[in-house]
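**Q** Here is my input; please provide its structure:
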Amino acid sequence: MANELFPDDEADPADPDRDLIDVLRLNLVPGLGPRTYQLLLERFGSPRGILNASVSKLQEVQNVGPKLAMSLITHGTESAAREELAKARAAGVSLYIRETASYPTSLGRIPDPPTVIYCKGTLVEADGLAIGVVGSRHCTAYGRQQTNRLAQALARVGITVVSGLARGIDAEAHKGALEAGGRTIAVCATGMNTIYPPEHVDLAAAVVKQGCLLTESPMDQTPKSGLFPQRNRIISGLSLGVVLIEAGRSSGALHTARHAMEQNREVFAMPGRVDSDASLGCLDLIRDGATLIRDVDDVLSALGPLVKPIQRTPTETVRKPAELTLSDQERIILNLVTAESIAVDDVIRTANIEASRVLSTLTVLEMKRLVRRLPGGFVVRY
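**A** Below is the predicted model of the structure:
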């Protein structure tokens with residue numbers, strides 16, 4: 001709702017929603033994309049600085065012409081932002097802005113992160129262990145089967161499956177994760193008040209219960225073609241890597257692969273029939289250097305150490321995704337090895353497991369490049 005006590009340019013500085021309102025004002029400006037917003041932010045220092053800038057000063061920024069400059073003045077109003085915030089809260093939607101603790105860490109590292117993220121459901125620290133799974137809307141039975149199989153396997157080892165809620169491969173990725181009892185994130189191009197495609201309303205509701213819906217679009221945003229390629233950078237930005245399954249040469253999923261490359265994420269592709277148009281995009285990616293994958297082990301073994309260790313459970317810290325496929329005994333032994341060197345004898349003593357089993361397990365962990373033996377009978381975690 002509009003704030004009648006404080007005009008747009010004289011908002012209450014003690015307002016706890018002040019920073020959020022400023023960001024929402026800018027997010028409601030039509031034509032202001034993430035790259036141009038980033039340029040404005042670099043020039044004026046903060047959302048408040050952008051909002052206080054004159055039309056002439058705004059036009060000094062690359063990509064900002066007279067029309068967009070005037071739109072920043074006329075569309076980004078205090079009353080519209082407060083009405084947007086009221087809609088979000090009424091729908092049970094949380095809003096996260098950049099450089100706050102609740103904003104997804106991995107997303108904040110991409111070149112053009114969203115100014116604000118709308119979230120319906122829950123985001124947890126373990127969602128830092130995420131893999132994007134995308135592909136064609138017009139997939140074959142083979143594509144559906146392989147997507148469901150991979151998504152279930154990812155979910156069972158504790159990986160969050162990220163996709164775009166679209167028809168075809170995306171929907172099957174979400175369904176597979178849900179069927180395995182795992183977490184999944186659906187990144188939407190539309191606002192939270194418009195689920196697209198409309199036949200996925202029930203699927204979206206199920207995703208909310210075992211993960212969340214995310215979008216950067218305002219609550220009432222309807223489908224527009226340009227929004228779908230733009231949202232793909234969020235799918236890859238949330239993920240350690242992206243798997244493409246049955247993407248033809250004109251598939252929008254290839255946009256996600258390009259974003260992943262720009263963001264320094266891993267790109268994986270599952271091969272299909274060489275004479276199938278539905279697989280040509282994936283086969284091209286493999287030819288050009290993407291990692292060919294067949295199953296979850298191929299995905300996890302190709303991922304390097306995490307930028308920041310993730311606390312998956314109160315007793316388990318994950319430093320490398322390959323750790324997720326370990327047996328209970330391997331996990332116990334690994335968690336006894338730290339980033340500082342420790343004597344193998346101390347590991348044996350603390351594990352309270354037969355020495356020969358500890359030694360054989362350390363050998364397995366060394367082969368998986370999770371630990372490294374040092375001279376003098378010491379071991380250290382990679």
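**Q** Help me confirm that residue 43 comes into contact with residue 63.
**A** No: assessed by Cβ atoms under 8 Å, residue 43 is found out of contact with residue 63, at 11.2 Å. To be clear about C-beta, it is placed using only N, CA and C from the backbone, and glycine gets the same treatment.
**Q** And these two? Which one has more around it.
**A** A direct count of neighbours by other Cβ atoms under 10 Å for residue 43 and residue 63 places residue 43 higher, at 16 against 13.
**Q** Quick check: which element contains the more buried one?
**A** Residue 43 is part of helix 34-44, with elements assigned from DSSP states H and E.
**Q** Where do the strands of the stretch 251-382 of the chain begin and end?
**A** 266-270, 291-292, 310-313, 316-318, 342-343, 371-374, 378-381 (DSSP state E, counting those that start in this stretch).
**Q** Give the pairing partners of the third one; include direction for each.
**A** Looking at strand 310-313 with DSSP bridges, its paired strands and their directions are strand 316-318 (antiparallel).
**Q** So which bits of the partner strand are buried?
**A** Using 16 or more other Cβ atoms under 10 Å as the test for burial, strand 316-318 gives residue 318.
**Q** Give me the distance from it to the chain's centre.
**A** 20 Å (Cα atoms, centre = their mean, to the nearest Å).
**Q** same question, stretch 27-34
**A** 21 Å.
**Q** Of all the residues in it, which ones are buried?
**A** 27-29, 32, 34.
**Q** what does the longest helix seen in the chain rub up against?
**A** Looking across the chain with DSSP state H, the single longest helix is helix 141-156. For helix 141-156, contacts defined as Cβ atoms under 8 Å, 6 or more residues apart in numbering pick out 131, 133, 135-136, 139, 161, 168-169, 172-177, 179-184, 243, 245-246, 270, 272-273, 278, 295-296, 299.
**Q** taking those residues one by one, which sit in helices?
**A** Those of the contacts of helix 141-156 lying in helices (DSSP H): 169, 172-177, 179, 296, 299.
**Q** before we move on, the earlier item: could you redo the strands of the stretch 251-382 of the chain as CSV and give each row mean pLDDT and distance to residue 70?
**A** Shown next, in CSV, are these (pLDDT from 0 to 100; distance: least, Cβ to Cβ, whole Å):
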stretch, mean pLDDT, distance to residue 70
strand 266-270, 97, 40
strand 291-292, 97, 47
strand 310-313, 80, 45
strand 316-318, 81, 49
strand 342-343, 96, 64
strand 371-374, 94, 60
strand 378-381, 94, 57
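**Q** Would you tell me which of these gets closest to residue 84?
**A** strand 310-313 (32.2 Å; Cβ to Cβ).
**Q** And the helices in the stretch 201-350 of the chain?
**A** For the stretch 201-350 of the chain, the helices defined by DSSP state H, counting those that start in this stretch occupy 201-209, 227-237, 253-262, 280-287, 296-302, 328-336, 344-351.
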